[in-house]
Structures are given as C-alpha cells and as structure tokens.
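*Asks:* Quick check, what structure comes out for this input:
(2 chains)
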There are 2 protein chains.
Amino acid sequence: MAEFDVIARYFTRPAPPSVAVGVGDDAALLSVRAGYQLAVSADMSVCGTHFFADADPEAIGWKSMAVNISDMAAMGADPRWATLSIALPEIDHDWLHGFSRGLFACADAYGVSLIGGDTTRGPLNIAITIMGEVPTGKALRRDAAQAGDDIWVSGTLGQAALWLQSRLGTMQLSAEDARRFAIAMHHPQPRVALGLALRDLAHAALDISDGLLADLGHILRASKLGAQLDWQALPKPVLTGDALAPALISSVVLAGGDDYELCFTAPLHQRARLSTLSQTLALPLTRIGVVTAAAELSVFDGDKQMPLQQKGYNHFG
Amino acid sequence: MAEFDVIARYFTRPAPPSVAVGVGDDAALLSVRAGYQLAVSADMSVCGTHFFADADPEAIGWKSMAVNISDMAAMGADPRWATLSIALPEIDHDWLHGFSRGLFACADAYGVSLIGGDTTRGPLNIAITIMGEVPTGKALRRDAAQAGDDIWVSGTLGQAALWLQSRLGTMQLSAEDARRFAIAMHHPQPRVALGLALRDLAHAALDISDGLLADLGHILRASKLGAQLDWQALPKPVLTGDALAPALISSVVLAGGDDYELCFTAPLHQRARLSTLSQTLALPLTRIGVVTAAAELSVFDGDKQMPLQQKGYNHFG
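*Replies:* Down below sits the predicted model:
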C-alpha cells in the first residue's frame, strides 16, 4: 500500500471553511482571523518512551492529539488546525483504523482540523504540530506570574502516574481504581474551555505534563519568582482500594506527570469568579499555594516543609 | 542532560519581530500579515529510511529543513517559521552540534525561524512543520494546470538518485561526479526565489521529491489532465566518468526522487518571461513537455513512446 493510500484512507477529511487547501497539496493554506495571533506547538510521541508497544491504538491516537491540544489550552488559545507526521514500521490496517479513530475523536471533540502531514516507514513515532488562534496580546504566558498570586490547578493530580506505577508492577490498584486511572492516562481531557476563560482571569498558565513541580518551576523561572505550595490542599487521587505509602502519593502528585491539567496563577480578587467558573465547567479548580517574591519552590504539609527530590519527568534522565 | 538543556543549548535562538513568543512556552505566538494566507507543511525524516545511520549530522540538519522549505517554494509561499520535533537515541553532543549547525544554516539561508518543538528519547526521527506566508489566493496549487500549458522543470534531475545508486553499490561514479551528486543529495537548494516569482507566471507547481513522473502525476490527477514529456529535453545529469546504461539514466531522471526541483505548468505566453527569470536566478528552467486534455502521462524519445514502469519512490513499496 502506498504512502498516498494511507493518507487518503485514514487521514483525509473534508477541509473546513478556514482551510482553502487541506491534505493533498505541497502545503495546506489557512486563514488566521484579523486581530488574532497564531499559537503553534509541537509534541512527539514515541513507542516505548510515551506508550507501550501493545497500547490500544485508539488511545494512542486520542492522547497524541490531546497532549497537543492541551498546549493550546495552556496558552488560552482556541485549537484550530494540526499536522500529523507518522512513522510506521508496517501498514497494519487494524492499528491504523483504531489510531485514526482515536485521533479524529479527540480532534473533533475540540474542533481541530487535520490539514496535512507526512507518512513514512520507521519505528513508530507520532509527531503532531498544532495551531490555534488567540486574540493578540491575550495569551497566557509562563512569564506573567506576579508575587502574591494564588496558584491554582484544575482536576486531580497523580492519577495517570499511579496507573503507570501499577502497569510497571511497582504497586497494585483495585480494579476500579485501575480503570479510572487508565482513563486519566489514556484519555486526558485537554482543558480548552478553562484556558479560554482564563485569558481574562489568570496571569500565567501552563499544562502539567512532566509533573507539578517541574512544570510550575517553568512559570517561576520565567517569571523570576518562587512559590509556597500547601500539600494538604493539593487535589490527590481518591482510592477505593488500600491506602498508598505517603512517599508514593507525594511522588505521583508532585512529580508524576501526564496529568494534562492546567496550573495557573491569578490575583486574589479573581477567587470568586474562578469559583463560579469551576461550577460552570463542572471542573474542580483548587487553590494550592501562593507565588512568592523569593525565588524558591517549597511545599508545606501543615507547618512542616516537605523534602523535595524528584522534580519531574526527564526523557533523558 | 535534561530535555530542556538540549533545547536551550542547541535549538534556541532569539525570536524575530514576527514572533511574540518563541521556544520556551507552551506554544509559540506569531503574527501572519493581513492579506496573507498561512501555508503549512510537515515532513518527517527517519534514520534508515531517509538517510544512512552514519550520515553527516550537518547534512541531515540541512536536508531536514531544506525538504520542508522546498514545500513552501512549491506553493509560492515565503517560508517564515518552523517547529522541530526530534527523537534521539542518546545525547550525542558531536551529533547535536553538527545537526543543529546544518539545520540553522539552511533556516538562516531562507529566513526561517525555529519557533518551537519537542525533544524526546527514541529511534532517530526528525519531524519538522514549516509555515510560510502567501498573498491570499496567489498560492501555486496542484489542481490549477490547464490543457496546453508548457511543463517546466528547474535545475537537473536524477543527480541525487545517482549518488544513492553509487552509495548502494549498484554502479560506480567518478570521484568528481560522486562529489557533485553528493551535494545534490545532501544539500538541496530549495527553489524559494523561483516559487515566489512563479506566483505570477505559472498555473500549477510542486516540488519533485518522489520522482518526476510520480510528482507530475499529482498535478495531472488533481487537474484531471494528462501530459506528454520530451525525453530528449529533460535536464539529465552530465557525467565526467563513463556513460551510464540508458535504463539507469531514465530510471533516475524520471523516477529517482530527492531532486527538490520545482515542476510547474505555465501558459505559452510566459515563455519569454520564464527565460528571463532563468537568467535572473542563474537557474536552468527547461520546457520538458505539454499538458494534454487526455488524462494520460507519456514520455516520447523523438517519435518513439518510452515504456514506463517505475513511477517513483514509495516508502511502503
């Protein structure tokens, strides 16, 4: 089967009105609305590094797109278009069918059009570049936190990391917990509606992919500030099975990664609006700490400072 | 060495004025000029499929960027921005130094800014998405050829494919020819200036990556037309060494691939302007045939029709 047949069969859809030329020419042609900036981000997912070789291809498709859309959410951008470059070891129609179904399910759920890409032979690798629109000057940048800001996080942290630990055999989850946390790992829900609303409420934002401390650290370094986090306030996984060792919980919540929740800073006078927003979106938004002028990151359990070691996931660690 | 250190050390440059936020946030932010469409294309280069494992990293860097820029040239778009996602089996500083030098040499030569991307661990894979600007409605599309158009090609065809055959040991080149054709393979010059000029002269265009017949076939299918090519007119490699077997020459010229020359169709009344353009650009532009209403592609050597078999490179052939 030729490269072009793979693209035609699995990855071609009618182009939306914003796209003058979609898949099938040397390049796609699209129009960015006047008054908007283009937000662009790229994420690569590699078999063996980001997912197991036997992972459900539909989940791989969903997540490959979701992690890119999550970057748009983190900028307060409206996700619009994506390119997909994929290296495949062979033409496996079952795999391609599942993968493309998952990819488009996620793209459709968030209004993203696949406008082009590349298909080639090689070890399984999925590279997506996503593009979105944000009103000029309204993007949520990492370098815009202010001392005294509240630090907020959406959803629950550490669920995906717990699933991974269970999958690696380092601990056991109940069947019910394993099922719920597998969804957190494989079908993350990019917080696009939250990101759009935060344009007018938050100072700085990003999505948590490498772990809370590592990612919050990016905001703090870019903003030249520090933070104090409240361990007891952090939204932790609720288990139906046996309680977990404290070191494991703190590890997955602070440094687990794969959360794809938003972490953001906002001035104190936005607390009421953020509480209303949480209800409107039916999405927990939790205040987890404050931004400090002193450029240090610490976590307090009551009045006791917690030792911090593992700071987040490093692909070359 | 952490992922972020690799990005900071090898792939971060100051952002140009068109880029409000470059490498280092969840997404880059850029501005497309009013009256322009955004042209977007993606190409993936995989070790073992697109280049040999022992290839010069500087050449890999140049070519990975060049093949993407070539897609902008083929659309008549001005290349502006690119994302790079790269999977690396290990942190090899010599390799990264050479690769990034080649990548930026090509990007700088064509005015492209690297605005973001991703670095991860995995089998060597380089995925670039390139973005450019083209005045709205002026792009060179594949579906715009007209019956009676001249068919033109830039430069010389088959040189890169000859180098590959020699590298694979199926034939021998003189040292001088091997040197020249290695440059064609490893340091292709995307025909951006030509593409920009063709906006007002040509009907349809594309770049030749998979071989003349395969790529011209895309224009013909998209335009629902055919073509007659003149074998004797085609710009063939000039060898200093022994003459090659006719079957080998026709194979590399018609179906070799990796040429990254532009193939385009233009009305007859543009011949004089195209001749002048060729002189201005110091780039051979050769009329190689005509577009026909009958939807067939044939090649004539004098008045004798040539048999056509190998139609071009197929990554899954």
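
*Asks:* And the strands in chain A, which stretches?
*Replies:* In chain A, the segments counted as strands under DSSP state E are A:19-21, A:28-30, A:36-46, A:78-88, A:113-121, A:125-135, A:150-154, A:204-207, A:226-230, A:262-266, A:285-292, A:297-301, A:304-305.

*Asks:* got the ones you listed as JSON lines, with mean neighbour count, distance to B:Met75 and mean pLDDT columns?
*Replies:* The way it works is simple: take the backbone N, C-alpha and C, and place the C-beta from them, glycine included. Output for the strands of chain A, formatted as JSON lines (neighbours: other Cβ atoms under 10 Å in any protein chain shown; distance: least, Cβ to Cβ, whole Å; pLDDT from 0 to 100):
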{"stretch": "strand A:19-21", "mean neighbour count": "21", "distance to B:Met75": "8", "mean pLDDT": "86"}
{"stretch": "strand A:28-30", "mean neighbour count": "26", "distance to B:Met75": "7", "mean pLDDT": "94"}
{"stretch": "strand A:36-46", "mean neighbour count": "26", "distance to B:Met75": "17", "mean pLDDT": "96"}
{"stretch": "strand A:78-88", "mean neighbour count": "26", "distance to B:Met75": "14", "mean pLDDT": "97"}
{"stretch": "strand A:113-121", "mean neighbour count": "24", "distance to B:Met75": "11", "mean pLDDT": "93"}
{"stretch": "strand A:125-135", "mean neighbour count": "27", "distance to B:Met75": "16", "mean pLDDT": "97"}
{"stretch": "strand A:150-154", "mean neighbour count": "24", "distance to B:Met75": "40", "mean pLDDT": "98"}
{"stretch": "strand A:204-207", "mean neighbour count": "27", "distance to B:Met75": "32", "mean pLDDT": "96"}
{"stretch": "strand A:226-230", "mean neighbour count": "20", "distance to B:Met75": "46", "mean pLDDT": "97"}
{"stretch": "strand A:262-266", "mean neighbour count": "27", "distance to B:Met75": "36", "mean pLDDT": "98"}
{"stretch": "strand A:285-292", "mean neighbour count": "20", "distance to B:Met75": "44", "mean pLDDT": "98"}
{"stretch": "strand A:297-301", "mean neighbour count": "17", "distance to B:Met75": "46", "mean pLDDT": "96"}
{"stretch": "strand A:304-305", "mean neighbour count": "10", "distance to B:Met75": "57", "mean pLDDT": "96"}
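
*Asks:* With distance to B:Ile86 added, can I get these in CSV?
*Replies:* Shown next, in CSV, are the strands of chain A (distance: least, Cβ to Cβ, whole Å):
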stretch, distance to B:Ile86
strand A:19-21, 27
strand A:28-30, 22
strand A:36-46, 7
strand A:78-88, 12
strand A:113-121, 15
strand A:125-135, 9
strand A:150-154, 30
strand A:204-207, 21
strand A:226-230, 31
strand A:262-266, 26
strand A:285-292, 33
strand A:297-301, 29
strand A:304-305, 39
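
*Asks:* Dump those strands to CSV, plus distance to chain B.
*Replies:* Shown next, in CSV, are those (distance: least, Cβ to the nearest Cβ, whole Å):
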stretch, distance to chain B
strand A:19-21, 6
strand A:28-30, 5
strand A:36-46, 3
strand A:78-88, 4
strand A:113-121, 5
strand A:125-135, 3
strand A:150-154, 14
strand A:204-207, 5
strand A:226-230, 18
strand A:262-266, 10
strand A:285-292, 17
strand A:297-301, 16
strand A:304-305, 25
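
*Asks:* Nearest to B:Leu162, out of these?
*Replies:* With Cβ to Cβ as the criterion, B:Leu162 lies closest to strand A:113-121 of the strands of chain A, at 22.6 Å.

*Asks:* Would you check that A:Phe51 makes contact with A:Lys63?
*Replies:* Yes: counting by Cβ atoms under 8 Å, A:Phe51 touches A:Lys63, with 7.4 Å between them.

*Asks:* what's the overlap in contacts for the two?
*Replies:* Residues touching both A:Phe51 and A:Lys63 (Cβ atoms under 8 Å, 6 or more residues apart in numbering or on different chains): A:Ser45.

*Asks:* and the two? which has more neighbours close in?
*Replies:* A count of neighbours by other Cβ atoms under 10 Å in any protein chain shown puts A:Lys63 above the other of A:Phe51 and A:Lys63, at 28 against 20.

*Asks:* dump the residue contacts of the closest residue to the more buried one other than its chain neighbours.
*Replies:* Setting aside the residues directly before and after it, A:Lys63 is nearest to A:His186 in space (Cβ to Cβ, 6 or more residues apart in numbering or on different chains), at 5.9 Å. Going by Cβ under 8 Å, 6+ apart, A:His186 touches A:55-56, A:59, A:62-63.

*Asks:* from the chain's centre, how far out does the lengthiest helix in chain A sit?
*Replies:* Counting residues, the longest helix found in chain A (DSSP state H) is helix A:57-75. Put simply, helix A:57-75 sits 7 Å off its chain's centre (Cα atoms, centre = their mean, to the nearest Å).

*Asks:* Ok, stretch A:88-97 next?
*Replies:* Distance, stretch centre to chain centre, for stretch A:88-97: 26 Å (Cα atoms, centre = their mean).

*Asks:* how about the CA coordinates for that stretch, as CSV?
*Replies:* Output of stretch A:88-97 as CSV, limited to C-alpha atoms (Å, rounded to 0.1, in the frame of the first residue of the first chain):
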residue,chain,number,x,y,z
LEU,A,88,5.0,3.3,10.9
PRO,A,89,7.0,0.0,11.0
GLU,A,90,4.4,-1.5,8.7
ILE,A,91,1.0,-1.0,7.2
ASP,A,92,-1.3,-2.5,9.9
HIS,A,93,-4.8,-1.7,9.0
ASP,A,94,-6.3,-2.7,12.3
TRP,A,95,-3.8,-0.4,14.1
LEU,A,96,-4.3,2.5,11.6
HIS,A,97,-8.1,2.2,11.8
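
*Asks:* Pull out the buried positions in that stretch.
*Replies:* Of the residues in stretch A:88-97, A:88, A:91, A:95-96 count as buried by neighbour count, 16 or more other Cβ atoms under 10 Å in any protein chain shown.

*Asks:* And stretch A:215-234, by the same measure?
*Replies:* For stretch A:215-234, a neighbour-count test (16+ other Cβ under 10 Å) marks A:215-223, A:225-231, A:234 as buried.

*Asks:* tell me how far the ends of it are from each other?
*Replies:* 15 Å (Cα to Cα, to the nearest Å).

*Asks:* likewise stretch A:99-118?
*Replies:* Using Cα to Cα, first and last residues of stretch A:99-118 are 15 Å apart.

*Asks:* If we go by neighbour counts, what in that stretch is buried?
*Replies:* For stretch A:99-118, by 16+ other Cβ under 10 Å, it's A:99-100, A:102-104, A:106-107, A:110, A:112-118.

*Asks:* got it, and stretch A:176-188?
*Replies:* Buried-residue list, stretch A:176-188, by 16+ other Cβ under 10 Å: A:177, A:180-182, A:184-186, A:188.

*Asks:* What of stretch A:158-167?
*Replies:* A:158-166.
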